[in-house]
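> Sequence below, structure please.
(one chain, ligands or ions: 1)
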Amino acid sequence: MTKHYYITTPIYYVNDKPHIGHAYTTLAADVLARFMRLDGYQVKFLTGTDEHGQKVEKAAFDAGQDPKDFVDKVSMNFRTLFEKMNFSNDDFIRTTEERHKKSAIALWERLVEKDAIYLGSYTGWYAIRDEAFYTESELVNGKAPTGADVEWVEEPSYFFRLSQFQEKLLDFYDKYPHCIAPAAKRNEVISFVKSGLRDLSVSRTSFKWGIPVPKDPAHIMYVWIEALSNYITAVGFPDLEAKDFKNFWPADVHMVGKDILRFHAVYWPAFLMAADITPPKRVFAHGWWTNEGEKISKSLGNVIDPLDLVAQYGLDQTRYFLMREVPFGGDGDFSRSAMVQRINSNLANDLGNLVQRTASMVYKNCDGKIPSPGTLHKEDLNLIHSAENLLPLLRDLMKEQALHKALDIIWQVISNANRYVDNEAPWALKKTDVARMETVLYTLMEVIRHLGLYLQPFMPGSAVKILDLLSVDPGERTFSHIGKQYRLRGKTSILEPTPIFPRYVEG
Ligand code: MSP
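Numbering: from 1, shown residues only. Down below sits the predicted model:
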């Protein structure tokens, strides 16, 4: 039976050009999606853009452009970024698409039908930057707790009966302990819900750029109720019988940043429960990046453009750094020195040298062909087994989205292999025992084959280079090709090696 896996990213506001935060969330989802595909799952990886609401309307106005022209352009910047970052999303959704309007309206109608929405009036604060409502008591020095400016709003509004979902949500969190991660974030969500839920305003009348409320077009749907529904739109909602809906819903993981966890782990499951739709299996909230110790903000002028990183350090180097530097789920700091350190030490030295010196020895000393091994010694088998046995460990870590730990254990094998090269000294064996040299080089090549396979989700381009170098059949590059049965065959010609991870030299 086919196993399915549905992973999503937030859909990004198109008020500005993409930055590191957008690339980060989508990269993490890309790594997971690629891992699961290699592990035999049928994957749907969804990303896209959130194009309605006051924030986007204001950005279009400030740019002197018609909102539709504006969002078309900015959305395209995201698409281009994602292609350049080698993201493997299966779909890119835009909330201005017809399929999405139809779905958001259908969700609204279902909520009305279930008596989960009523008309009232909203009096309170609203932060356009956050697209969020705040009470007086939540304000800090006259601003939203996030630091965003707030404005006073008094207008008729539809409300969602969130207050009726407190117990249901708590039961849900209790019954599915893995539905929110990391654990500390889960606890925050639970205490928020325990502190009491107020009904949520879900429509606005003071702007136009959005989807009108069915039968009451003076109201525009609150951007979050509309945006969240993108996750079901993309699998065919409102057609509950759609093949994708049946295969992929409920989503396996909604990957989000910590700032938008509440929307995903409280409001979204409540909307879905009210509409009689199963909530997502898991919401994972990652942390935020700072830049050289400073909060990233437009006003400080220190926003990181991911394409600048790619241009300066290389694509896979950037992907690797973002996934390795910070325990996934925690906050982290970007610094040039940390980036250069990772590139030179982990990539150029540890991995790059291992591949380069092994392949060069094979190329020069074994007539450019993978040698046939003699009897494998205990240390050869230990090393090969350490590589072969990683798969179940990686699976467990990826299930928890512990992406940095997955890289840690891959790097342990790289260290083992480097220690093995030093101990076995194949360059010396060349003079004393050619057969043993061939066995040692074979052992190393077989370990490198595994490293190439495991690294595909993280550094797809470089992993392909490693596997190509070893002439691994393109049809034998999934996780079902891990292990003994697909070991390299002696006498296979390899390519002439060229360094895959050059050192970064400050220019
Ligand atoms: N449109 C909403 C999401 C709707 S989902 C139904 C939104 N968009 S956003 O453009 O603001 O995207 C934010 C994403 O980028 C979030 O996951 C957020 O956490 C992430 N980041 C923004 N700045 C960030 C950092 N400095 N560091 C890491 N991620 C950060 O919210």
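> For the residue in the chain that the ligand sits nearest to, grab the count of nearby residues.
Of all residues in the chain, the one sitting closest to the ligand is Gly257 (1.5 Å; C-beta to the nearest ligand atom). (C-beta placed from N, C-alpha, C; glycine too.) Look at Gly257: counted by other C-beta atoms under 10 Å, it has 18 neighbours.
> For it, give me phi and psi.
phi -80, psi 160 (degrees, to the nearest 10).
> Kindly report the residues of the stretch 201-350 of the chain close to the ligand.
Taking C-beta under 6 Å from any ligand atom as the measure of proximity, the stretch 201-350 of the chain contacts the ligand at Ala227, Leu228, Asn230, Val256, Gly257, Asp259, Ile260, Trp288, Trp289, Ile296.
> Let's see which of these end up in helices.
Ala227, Leu228, Asn230 (DSSP state H).
> Drop anything exposed from the residues you listed.
Taking 16 or more other C-beta atoms under 10 Å as the criterion, what is buried in these is Ala227, Leu228, Asn230.
> now the first one: how far from Leu27?
Right, Ala227. The spacing between Ala227 and Leu27, counted by C-beta to C-beta, to the nearest Å, is 21 Å.
> The last one now?
In this view, Asn230 and Leu27 are 20 Å apart by C-beta to C-beta.
> likewise Val362?
According to C-beta to C-beta, Val362 stands 33 Å off from Leu27.
> sec struct for Phe35, please.
helix (DSSP: H, G, I helix; E, B strand; the rest coil).
> Hmm, it is touching Pro460, no?
No. With contact defined as C-beta atoms under 8 Å, Phe35 does not reach Pro460; the gap is 11.1 Å.
> of the two, who's got more company?
Phe35 (24 against 19).
> give me phi/psi at the nearest residue to the more buried one once chain neighbours are set aside?
Nearest residue to Phe35, sequence neighbours excluded (C-beta to C-beta, 6 or more residues apart in numbering): Pro457, at 4.2 Å. Per-residue torsions, Pro457: phi -70, psi -30 (degrees, to the nearest 10).
> Pull the number of nearby residues for Pro457.
Around Pro457 there are 25 other residues, counting by other C-beta under 10 Å.
> So which residues make contact with stretch 335-353?
In this structure, residues lying in contact with stretch 335-353 by C-beta atoms under 8 Å, 6 or more residues apart in numbering are 291-293, 309, 313-314, 317, 320-321, 324-325, 411, 414-415, 418, 451, 499-504, 506.
> Need the mean per-residue confidence for that stretch.
Here stretch 335-353 scores 97 as its mean pLDDT.
> pLDDT value on Phe207, please?
We have a pLDDT of 88 for Phe207.
> Quick check: the closest residue to it other than its chain neighbours vs Ser103, distance?
Distances taken as C-beta to C-beta, 6+ apart place Gln54 nearest to Phe207, at 5.0 Å, with adjacent residues excluded. Note on Gln54: its distance to Ser103, by C-beta to C-beta, is 21 Å.
> Could you break this structure into its assigned domains?
For the chain, the domain assignment from automatic domain parsing gives the residue ranges 3-287, 336-486.
> a markdown table for these, including distance to Leu495?
A markdown table is the format used below for those (distance: least, C-beta to C-beta, whole Å):
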| stretch | distance to Leu495 |
| --- | --- |
| domain 3-287 | 22 |
| domain 336-486 | 5 |
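> of all the residues in the protein, which ones are close to the ligand?
10-13, 21-22, 24-25, 50, 227-228, 230, 256-257, 259-260, 288-289, 296.
> For ChimeraX, write a command that selects the buried ones of these.
This is the ChimeraX syntax for the buried subset of these, where burial follows 16+ other C-beta under 10 Å:
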select :10,11,12,13,21,22,24,25,50,227,228,230,256,257,260,288,289,296
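> mind listing which of the residues of the chain next to the ligand are in strands?
Pro10, Ile11, Tyr12, Tyr13, Asp50, Val256, Gly257, Trp289 (DSSP state E).
> give me the low-pLDDT residue ranges for the stretch 51-200 of the chain?
For the stretch 51-200 of the chain, applying pLDDT under 70 flags no range at all.
> Would you map the strands across it?
With strands called from DSSP state E, counting those that start in this stretch, the stretch 51-200 of the chain shows them at 91-94, 117-127, 132-134, 151-160, 180-181, 200-201.
> if you go through the stretch 251-400 of the chain in chain order, where are the helices?
Ranges of helices in the stretch 251-400 of the chain, per DSSP state H, counting those that start in this stretch, are 261-262, 268-274, 306-313, 315-324, 336-341, 353-365, 378-388, 390-399.
> got the contact list for the second one?
Right, the one you point to is helix 268-274. Under the contact criterion C-beta under 8 Å, 6+ apart, helix 268-274 has outside partners 107, 111, 114, 116, 160-162, 165, 168-169, 172, 179, 225, 228-229, 231, 254, 278-280, 283.
> returning to that earlier point: what I need now is the ones in helices among the residues of the stretch 201-350 of the chain next to the ligand written out in CSV, including pLDDT for each item.
Below are those laid out as CSV (pLDDT from 0 to 100):
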residue, pLDDT
Ala227, 98
Leu228, 98
Asn230, 98
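> in the protein, what residue sits furthest out from the centroid?
For the chain, the largest distance from the centre (C-alpha atoms, centre = their mean) belongs to Thr432, which lies 50.0 Å off.
> all helices for the stretch 401-507 of the chain, in order.
403-424, 426-432, 434-455, 460-469.
> Out of the ones you listed, which one sits most buried?
helix 434-455 (a mean of 23; mean count of other C-beta atoms under 10 Å).
> Relative to Phe248, how far out is Gly236?
Counting by C-beta to C-beta, the gap from Gly236 to Phe248 is 9 Å.
> Between these two, which has more neighbouring residues?
More neighbours surround Phe248 than the other of Gly236 and Phe248, with 24 against 19 (other C-beta under 10 Å).
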